[in-house]
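Trainee: Sequence first, predicted model second:
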Amino acid sequence: QAHIVESGGGLVEPGGSLTLSCAASGRILDSYAVGWFRQAPGKEREVVACISSSGLKGDYQPPVKGRFTISRDYAESTVSLQMNNLSTEDTAVYYCAAQPTPGRDICILSQDYQYWGQGTQVTVSS
């Protein structure tokens, strides 16, 4: 069972930036597709961005496209989510998840990820 841990959440003012980091045991992130998700109070969990195992393919949901960047650091075996120009609507618990994609270098903006972290709170407020 993979153990995934998110970090980097916190309180930030509107217009500010924050970088979340995702790490996992056994360096599984290096060979799995990874997605970032969020769940705001009273709303369903939604996928935000994803990146393939090679790091060459990524995708974003429209509300964050152009503001968020997902990337890999193979030396540290982490996946980061750089979030810029944050608004109050970005307030949520952010989750990282990993999905094996044997033989395919893909990522999918869906909920079909096998391993999940516990989440980190991001609050955007003045």
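Mentor: Good, I have the coordinates. Residues are numbered from 1 along each chain as shown.
Trainee: does the residue nearest the centre of the chain belong to a helix or a strand, and which?
Mentor: The residue lying closest to the centre of the chain (Cα atoms, centre = their mean) is residue 36, at 2.3 Å. For residue 36, the host element (DSSP states H and E) is strand 32-39.
Trainee: CA atoms only for that strand, dumped as CSV, please.
Mentor: Taking C-alpha atoms only, strand 32-39 is exported to CSV below (Å, rounded to 0.1, in the frame of the first residue of the first chain):
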residue,chain,number,x,y,z
TYR,A,32,2.8,6.5,-12.0
ALA,A,33,0.6,9.1,-13.3
VAL,A,34,-0.2,11.7,-10.6
GLY,A,35,-3.2,13.9,-10.2
TRP,A,36,-4.0,16.8,-8.0
PHE,A,37,-7.6,17.2,-6.7
ARG,A,38,-9.5,19.5,-4.5
GLN,A,39,-12.6,19.5,-2.4
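Trainee: What is the helix or strand that that strand is followed by packed up against?
Mentor: Going down the chain from strand 32-39, the next helix or strand is strand 46-51, by DSSP H and E. Contact here means 3 or more Cβ pairs under 8 Å, 6 or more residues apart in numbering; DSSP states H and E; on that basis strand 46-51 packs against strand 32-39, strand 58-60, strand 68-73, strand 78-83. Bear in mind the C-beta positions are built from the backbone N, C-alpha and C, glycine included.
Trainee: what lines up beside strand 46-51 in the sheet?
Mentor: Strand pairing for strand 46-51, determined by DSSP bridges: strand 32-39 (antiparallel), strand 58-60 (antiparallel).
Trainee: Of those, give the one that comes closest to residue 86.
Mentor: Ranking these by distance to residue 86, with Cβ to Cβ as the measure, places strand 32-39 first at 11.8 Å.
Trainee: Good, we can wrap up now.
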